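**Student:** quick one: sequence and predicted model below, then my questions.
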Amino acid sequence: WPGGQALSRYILDNPAVTRGKKVLDLGSGCGASAIAAFMSGATDVLANDVDPLAAIAIGINCELNKIPPLRVATENLIGKIEEKWDVILLGDMFYDEELATDLHTWLTKYKRLHGPEILIGDPGRAEFTKYVGQNWLQKVSEYELPTSTKEENYGLTSSSIWRFV
């Protein structure tokens, strides 16, 4: 998933973003962004994905990266505002219009209440570019995709990191 790849690269290139912070990786998938946050010095990382197979993949990838197992939650955390996170990471989560709307509603409320840094990785999918909250985003970086990733993703050539402001 190119948005998650770019988000992971961004975190590794800019470790101060997560160093010493409590980090939620929402829609974690294989756990790449959560692992990057841990490797960059985050003090607490929760990898969240509703797919139970993602939890297994995250465990395997922690082992392959020679880091301790990360905390993993498979419940849907969208809409939950009780726990305070310093940083929220979302890679490739704006792939569906309804989900994008739900995320925008939750992120807006959460940002107002807790004020976290919110970073989004996306390669420019149509659902993301049509996203109602585009005026809430500030582009912070862009990465060219490797050739194999370009081929797997219908010719998308780059992936950007956006700050939800």
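**Tutor:** That came through fine.
**Student:** and the residue nearest the centre of the chain, what is it in contact with?
**Tutor:** The centre of the chain sits closest to Leu90, judged by C-alpha atoms, centre = their mean, with a distance of 2.4 Å. Residues counted as contacts of Leu90 (C-beta atoms under 8 Å, 6 or more residues apart in numbering) are Leu7, Leu26, Gly27, Leu103, Ile118, Leu119, Ile120, Gly121. C-betas here are computed from N, CA, C, even on glycine.
**Student:** tabulate the residues you listed (CSV), appending pLDDT, distance to Asp13 and neighbour count.
**Tutor:** Output for these, formatted as CSV (pLDDT from 0 to 100; distance: C-beta to C-beta, whole Å; neighbours: other C-beta atoms under 10 Å):
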residue, pLDDT, distance to Asp13, neighbour count
Leu7, 97, 11, 30
Leu26, 98, 21, 25
Gly27, 96, 21, 25
Leu103, 93, 25, 23
Ile118, 98, 18, 23
Leu119, 98, 12, 24
Ile120, 96, 16, 26
Gly121, 95, 13, 29
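**Student:** from those residues, which is closest to Glu151?
**Tutor:** Proximity of the contacts of Leu90 to Glu151 (C-beta to C-beta) peaks at Gly121, which lies at 19.1 Å.
**Student:** tell me what that closest one is bridged to.
**Tutor:** Gly91, Ile161 (DSSP bridges).
**Student:** where does pLDDT dip in this protein?
**Tutor:** 132 (pLDDT under 70).
**Student:** what are the ranges of the helices in it?
**Tutor:** Counting by DSSP state H, the chain has helices at residues 2-13, 32-39, 52-64, 97-114, 126-129, 147-152.
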